[in-house]
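Colleague: predicted model and sequence below, questions to follow.
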Protein chains: 2
Amino acid sequence: MNPVAVDLMGGDSGPAVIVEGVLAALEDMGGEIVVVGNEEAVRPLVGDSRVRIVHASEEILMSDDPASAPRRKRDASMVVGATLLKAQEVSAFITFGNSGAAMATALVKVGRIRGVARPAITIELPVPGTTSTVLLDAGANTEVIPQWLHQFAVMGSVYCSARLGIDLPRVGLLSIGEEAGKGNALVKETYPLLAEEPSINFLGNVEGRDIMSDRVDVVVTDGFTGNVVLKSLEGAAHLFAHAVLAALSEGDDGVLDAALPKLLPLWNQMTPDDTGAAALLGVNGLFLIGHGASNARAVSSAVRNARQLAEAGVVQTIRRLEGSAGE
Amino acid sequence: MNPVAVDLMGGDSGPAVIVEGVLAALEDMGGEIVVVGNEEAVRPLVGDSRVRIVHASEEILMSDDPASAPRRKRDASMVVGATLLKAQEVSAFITFGNSGAAMATALVKVGRIRGVARPAITIELPVPGTTSTVLLDAGANTEVIPQWLHQFAVMGSVYCSARLGIDLPRVGLLSIGEEAGKGNALVKETYPLLAEEPSINFLGNVEGRDIMSDRVDVVVTDGFTGNVVLKSLEGAAHLFAHAVLAALSEGDDGVLDAALPKLLPLWNQMTPDDTGAAALLGVNGLFLIGHGASNARAVSSAVRNARQLAEAGVVQTIRRLEGSAGE
C-alpha cells in the first residue's frame, strides 16, 4: 500500500497544525506519510523520518478563482499532490485548502472514474449513540439528474461499507414523505432506479428526521439539498451546545462544572473533527477535502480515514460497479 | 374581532386534548372561541360558556385521500371550519387533522388571495437565546418558480412582523453560499426579484447554518428543501436532547438530577409546542395546520398565535401587497 499524501498548504491555520495532525496519525497507525508543500518553509516543522516531503513552489489561496487555479498554478501543492495521486504514487491525497479549487484540481488532474458522470462530496454525520450517517452529495452538484443520484447511491454504499464496516448499508433517498410517490420530480424518477439497483440495500425514501437517527446508513440527495442540510445540522449542533452550557451555568451553583466532563465527549463527537475530511467519490483516486479550519485532531482523523478507505479499495470497487454504467 | 375557530376532530389524541388547550388559551387571553366537531361527542367535554360548538357530522381521517376528502366529506369538521372562515364568521381556523387534506380544504373552500399563485406553509423554528426564525415554504410546494418564492418572501416578512414584532424583518434566500451568484438556477433567478422588492429587507443568500442563529428572521426556500430542513432540525433536536440526558446520567452521581430543572425550559423551547401550528399563507383567510400529535400546550399556543395574527391583520396586509401581483 502506497502512503497517504497530505497538502500542507492552504489550511486556515498554516502548515504547523497540519504537520501536528500528520505526526499524531503516524503515532497511531505507523507506516509512512507524504506531505506536499514548500520544502524550505515546512522542513523545519518536519523532523520525522517517516514523513517524506514533496516540494511544491506555489500555493492555491482561498482568494484564488477555483476553476482556473489548477491551470494557473501548475506547481501549487494541491496540483502536485493530485499528480502524485494520478500516478498512483500515493494511495490517497488530502487537502485542507480552497475547496472549490480542490474539486477543480481533482477533475482536471485526476479525472473521473470511467462511467461516473459526476463526483459527489461524501460526508459522515456523527450521530451520538450510534454509527454515523453517510450523506452525499454534500455540495458538488447543485443540479442533478436521476442517473447521477443512482451513481451517488452506489458510491455512498461502497464508502459506508469501507468506513463503517457495514456489510450491506441501508441506503435511503432523501424526500419529504416515506411513500414511493412522495417528493419532487427528481426523487420520483430516481426511486425506481435505486429500487432496481442490485448492489445496494435500498430502504426507500427517508425524511430529514431520519438523518440523525439509526434508521438509515447512507442518505442520497442532490448537492443543493445536501449542503443546506449539512450546514443546518452543523449550525444546530453549535447553537444547541451553547444553549445547554448557558442553561447549566445559570445560578452559578457548580452544576456546570459537574456536567462538563460528561458533556465534552459528546461535544467532541458532534464536531466534524472526528471525520476530518469529505471524500470526492467518483474521482479516479482517493481525493479528500478537509475543512480549512481543521485542527490537528481533524487532520489526524482525515489521514487515518483515508488510509482505511485506501486499504478497503473503495475506488477499485466503484470502478468495478460503475465501469460500464452511463456509457 | 371575530373569534378563532378550532377543529376538535382529527388530532392523534382525540378531542379532549384539544379542548384542554382551548380552555387554557381562554384562561390566558379571554374572549370567545368556536370549536367544530360532532356535538354529541364533544358537548360533555365543553362546559364553558365562552366556547361555542358548531356541529359537524363527519370527520376527515388520517387515512382519507387528501385531495378528494373535502369534496367527499362535505360535512367534515375541517370543511365546516373552512366554510366559517370563508364567510368571515371566524377570524382564523386551526385544524390538527390530516395535513394534506387541510391544504386541499383550504384551497377548495377558502381559496387563494387574489394575486397569490401558491400558498406556502409557514413555520417558526425556535432558536434558543434569540427570536425564532420564520421559514417558508415548509412543504406545500415541492417544485416552485422564482415568482412564487418572491411571494413567499413578502408573505413571510408580513407574518414575521405580526408574530415576532420585528418592524422590518431580515429576509434571507436559502442557498449554498452567501454570494449572489451561488446556488442552483432557482436561487440565482430568485435573487434579483427579492433584491428589487421594496416591501422587504432582503439580506441576500443565507446558508443552512444561519437558520438556527440570530442572523436572519425569515428564510425563504422551496417546499422540498424547507421540509427536509425542518425535519432534519427536529430530528437533531430530539437526538441531541436524548444524548445530553444520556451523557449526564452516566455515573449515577446526581448530576442529571441537578441539571434537569435547568435543561427543561430549553427542551420545552426546542419542541414545536410553543408554536403549535403552521400558517398556510396565501390562503384568503387565516388557516393554520397543527401537528396531529399536538398536546394541550401546543393547542393553546396555536390559538393564542392565531389570535395575534388575526389582530395584526396578516391576511389583509398580504392582500394589499400581493393584490396586483402576478395577474
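Modeller: Received it, and whenever you're ready, just let me know what you need. Numbers count the residues shown, from 1 in each chain, chains lettered A, B, ... in the order given.

Colleague: any residues touching stretch A:229-243, and which ones?
Modeller: Around stretch A:229-243, the neighbours that count as contacts under C-beta atoms under 8 Å, 6 or more residues apart in numbering or on different chains are A:123, A:125, A:135, A:138-139, A:174, A:208, A:211-212, A:221, A:267, A:270-272, B:127-129, B:176, B:207-213, B:228-229, B:232-233, B:236-237, B:240, B:266, B:270. All C-beta atoms are positioned from the backbone trio N, CA, C, and that covers glycine.

Colleague: which of the residues you listed count as buried?
Modeller: Applying 16 or more other C-beta atoms under 10 Å in any protein chain shown to the contacts of stretch A:229-243, the neighbour count classes A:123, A:125, A:135, A:138-139, A:174, A:208, A:211-212, A:221, A:267, A:270-272, B:127-128, B:176, B:207-213, B:228-229, B:232-233, B:236-237, B:240, B:266, B:270 as buried.

Colleague: show me the residues you listed that map onto helices.
Modeller: Mapping the buried ones among the contacts of stretch A:229-243 onto helices (DSSP state H) picks out A:208, A:211, A:267, A:270, B:208-211, B:228-229, B:232-233, B:236-237, B:240, B:266, B:270.

Colleague: tell me the pLDDT at A:Met1?
Modeller: At A:Met1 the predicted local distance difference test score is 89.

Colleague: which non-adjacent residue is nearest it?
Modeller: Closest residue to A:Met1 in three dimensions, ignoring its sequence neighbours and counting by C-beta to C-beta, 6 or more residues apart in numbering or on different chains: A:Ser91, at 5.7 Å.

Colleague: residues contacting that neighbour?
Modeller: Going by C-beta under 8 Å, 6+ apart, the list of residues near A:Ser91 reads A:Met1, A:Asn2, A:Pro3, A:Val4, A:Leu286, A:Ala306, A:Arg307, A:Ala310.

Colleague: and A:Glu143, by the same measure?
Modeller: By C-beta under 8 Å, 6+ apart, the contact list for A:Glu143 reads A:Asp222, A:Phe224, B:Asn184, B:Ala185.

Colleague: just checking, which of those residues belong to helices?
Modeller: Using DSSP H to define helices, the subset of the contacts of A:Glu143 located there is A:Phe224, B:Ala185.

Colleague: how about a markdown table for the contacts of A:Glu143, with pLDDT added?
Modeller: Converted to a markdown table, the contacts of A:Glu143 look like this (pLDDT from 0 to 100):
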| residue | pLDDT |
| --- | --- |
| A:Asp222 | 98 |
| A:Phe224 | 97 |
| B:Asn184 | 94 |
| B:Ala185 | 95 |
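
Colleague: buried ones from the contacts of A:Glu143, can you make that a ChimeraX selection?
Modeller: Buried members of the contacts of A:Glu143, defined by 16+ other C-beta under 10 Å, are picked up in ChimeraX with:
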select /A:222,224 /B:184
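
Colleague: which of the contacts of A:Glu143 lies closest to B:Ala278?
Modeller: The nearest member of the contacts of A:Glu143 to B:Ala278, counting by C-beta to C-beta, is A:Phe224 at 23.1 Å.

Colleague: residue nearest the middle of chain A, spatially speaking?
Modeller: Among the residues of chain A, the smallest C-alpha distance to the mean C-alpha position (C-alpha atoms, centre = their mean) belongs to A:Ala278, namely 1.0 Å.
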